[in-house]
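1. got a sequence here, can you build the structure:
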Amino acid sequence: MEETIKSLLDDSFESAMTLTNSGAPQVPDRYVLPPSQRPALGSSLGPIDTTLPIIDLSLLHEPLLRSSVIHEINMACEEFGFFQVVNHGIPQSVVRDALDAATEFFDLPVEEKMLLVSANVHQPVRYGTSLNHSTDRVHYWRDFIKHYSHPLSKWINMWPSNPPCYKDKVGKYAEATHLLHKQLIEAISESLGLEKNYLQEQTEEGSQVMAVNCYPECPEPEITLGMPPHSDFGSLTILLQSSQGLQIMDSNKNWISVPYIEGALIVQLGDQVEVMSNGKYKSVIHRVTVNEYYKRLSFASLHSLPLHKKISPAPELVGNNAPAYGEFSFNDFLNYISSNDCVQKRFIDTLKKS
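-> Have a look, this model is predicted:
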């Protein structure tokens with residue numbers, strides 16, 4: 001069955017990189033969004049970039065300053081479900097090496113990348129384009145390679161063998177982001193008034209999916225997107241971007257462009273934290289714009305509880321009230337997106353108790 005699907009994909013698959021390299025003067029019709037969904041490039045997108053929170057993580061280790069940093073995290077999570085972090089502990093050499101390895105991968109011949117193509121969202125390693133090339137109604141100007149990354153020793157042998165540096169360079173970045181996630185989820189738990197080790201066991205045993213994204217130059221960036229508006233399923237997403245392109249939605253439904261800050265990483269709350277917090281914190285809705293002048297790369301390190309582990313609202317945050325959300329697992333999310341259009345209806349909306 002998988003071979004049949006792969007054969008069909010081979011016949012119909014056309015990546016965004018292929019279109020860019022062909023010098024196409026226009027985007028194909030399948031990429032064209034309805035006017036109401038197109039990005040308002042060049043117009044005012046809401047609050048200015050500098051209003052978005054930037055947090056110095058090194059101050060978490062200063063006993064006299066930790067409480068003020070936890071407060072900053074609380075404010076950022078309540079207002080945006082998002083913040084950028086500096087002094088996060090991941091060496092810039094590790095970051096640069098990961099971006100270099102990703103560049104080499106996406107520059108490989110199409111035939112080489114097609115060895116990893118799959119439409120099966122349960123595959124631990126898969127290359128693709130758009131969201132899911134075989135089912136998307138509208139396509140998105142994005143190629144990707146996704147792979148499970150924790151524990152690294154379990155999955156790394158399934159990762160791409162080309163370029164030869166990929167496993168080593170991306171593996172080091174994956175391990176570094178796993179450690180950073182542990183620190184961040186402790187701080188976020190603490191900011192909710194929970195014990196900082198509230199999710200410690202689930203974090204150690206949890207899932208990490210690394211989505212490495214390539215958004216090539218696009219001839220008509222004003223009528224398409226790299227990714228549609230969505231929230232992430234997990235607890236946290238740690239995002240590395242090579243240049244600006246990410247936009248988040250604020251509480252007034254305005255789109256705000258996230259500035260590129262050299263050396264910073266982006267932290268986005270996912271659906272699992274929204275459920276755990278019983279809605280006190282919201283998973284951030286975000287999308288990706290593209291541009292006609294340069295290729296943009298990103299690493300989205302998606303962290304979640306173990307595949308079949310259910311998360312539900314923390315009893316301490318529910319009190320005597322009824323929980324506002326039902327429980328769910330990462331596997332429940334995968335099953336949902338296998339048979340539903342998550343662009344039309346967010347997965348977390350199916351969990352809300354009216």
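
2. every contact and neighbour count from this point should use C-alpha atoms.
-> Will do.

3. wait, a strand at Cys218?
-> No: under DSSP: H, G, I helix; E, B strand; the rest coil, Cys218 sits outside any strand and is assigned coil.

4. show me what contacts it?
-> Thr20, Val27, Trp141, Val290, Asn291, Glu292, Tyr293 (C-alpha atoms under 8 Å, 6 or more residues apart in numbering).

5. mind redoing it with 6 Å?
-> Residues in contact with Cys218 (C-alpha atoms under 6 Å, 6 or more residues apart in numbering) are Asn291, Glu292.

6. what strands line up against the strand or helix carrying Phe299, and which way round?
-> Here Phe299, judged by DSSP states H and E, is contained in strand 296-304. Strand pairing for strand 296-304, using DSSP bridges, gives strand 207-215 (antiparallel), strand 236-241 (antiparallel).

7. in CSV: those, plus mean pLDDT and mean neighbour count.
-> Below are the strands paired with strand 296-304 laid out as CSV (pLDDT from 0 to 100; neighbours: other C-alpha atoms under 10 Å):
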stretch, mean pLDDT, mean neighbour count
strand 207-215, 97, 24
strand 236-241, 97, 23
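
8. tabulate these (TSV), appending distance to Gly319.
-> As requested, the strands paired with strand 296-304 are exported to TSV (distance: least, C-alpha to C-alpha, whole Å):
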stretch	distance to Gly319
strand 207-215	29
strand 236-241	24
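
9. ok, which of those strands comes nearest His61?
-> His61 sits nearest to strand 236-241 of all the strands paired with strand 296-304, at 19.9 Å, using C-alpha to C-alpha.

10. continuing past that closest one, what's the next helix or strand?
-> Using DSSP H and E, the helix or strand that directly follows strand 236-241 along the chain is strand 246-249.

11. show me how far that following strand is from its chain's centre.
-> Taking the mean of its C-alpha atoms, strand 246-249 sits 12 Å from the chain's own mean (C-alpha atoms, centre = their mean, to the nearest Å).

12. for the next helix or strand after that strand, give the mean pLDDT please.
-> The helix or strand immediately downstream of strand 246-249 is strand 255-257, counting by DSSP H and E. The average pLDDT for strand 255-257 rounds to 91.

13. same question for stretch 109-123.
-> pLDDT averaged over stretch 109-123 gives 89.

14. start and end of it, how far apart?
-> Taking C-alpha to C-alpha, to the nearest Å, stretch 109-123 runs 22 Å from one end to the other.

15. and if you look at stretch 150-157?
-> Using C-alpha to C-alpha, one end of stretch 150-157 lies 12 Å from the other.

16. could I get the buried residue list for it?
-> For stretch 150-157, burial by neighbour count (16 or more other C-alpha atoms under 10 Å) applies to His150, Pro151, Leu152, Ile156.

17. give me the contacts around the strand holding Phe299.
-> With C-alpha under 6 Å, 6+ apart as the criterion, strand 296-304 contacts 206-215, 234-242.

18. if we can go back for a sec, and the buried residues of stretch 150-157, which is closest to Leu57?
-> Nearest to Leu57, judged by C-alpha to C-alpha, of those is His150 at 23.1 Å.

19. the closest one: which element?
-> Assigned by DSSP H and E, His150 belongs to no helix or strand.

20. surely it and Gln208 touch.
-> Yes: between His150 and Gln208 there is a contact at 5.3 Å, judged by C-alpha atoms under 6 Å.

21. what ranges do the strands span in the protein?
-> 54-56, 82-86, 125-129, 143-148, 207-215, 227-230, 236-241, 246-249, 255-257, 265-269, 286-288, 296-304 (DSSP state E).

22. give me the number of residues near Asp100?
-> 16 (other C-alpha atoms under 10 Å).

23. identify the residues contacting it.
-> Neighbours of Asp100 in contact, by C-alpha under 6 Å, 6+ apart: none.

24. per-residue confidence at it?
-> 98.

25. quick one: it from Pro315, how far?
-> 44 Å.

26. output the below-cut-off pLDDT ranges for the protein.
-> Along the chain, the model assigns pLDDT under 70 to residues 1-12, 42-50, 132-135, 341-343, 354.

27. the longest helix in it is where?
-> helix 166-191 (DSSP state H).

28. which other helices and strands does that helix contact?
-> Under the contact criterion of 3 or more C-alpha pairs under 6 Å, 6 or more residues apart in numbering; DSSP states H and E, helix 166-191 touches helix 92-106.

29. just the buried residues of the helix it packs on, please?
-> For helix 92-106, the neighbour count (16+ other C-alpha under 10 Å) marks Val94, Val95, Asp97, Ala98, Leu99, Asp100, Ala101, Ala102, Thr103, Phe105, Phe106 as buried.

30. the residue lying closest to Thr103 once chain neighbours are set aside: neighbour count?
-> Spatially, and ignoring its direct neighbours in sequence, Thr103 is nearest to Leu297 (7.8 Å; C-alpha to C-alpha, 6 or more residues apart in numbering). Counted with other C-alpha under 10 Å, the neighbours of Leu297 add up to 25.

31. equivalent analysis for Leu108, please.
-> Using other C-alpha under 10 Å, Leu108 is surrounded by 12 other residues.

32. would you check how far apart it and Gln241 are?
-> 21 Å.

33. equivalent analysis for Pro151, please.
-> Taken as C-alpha to C-alpha, the span from Pro151 to Gln241 is 24 Å.

34. same check, this time on Gln202
-> From Gln202 across to Gln241, the span is 27 Å (C-alpha to C-alpha).

35. what of Lys282?
-> Using C-alpha to C-alpha, Lys282 is found at 22 Å from Gln241.
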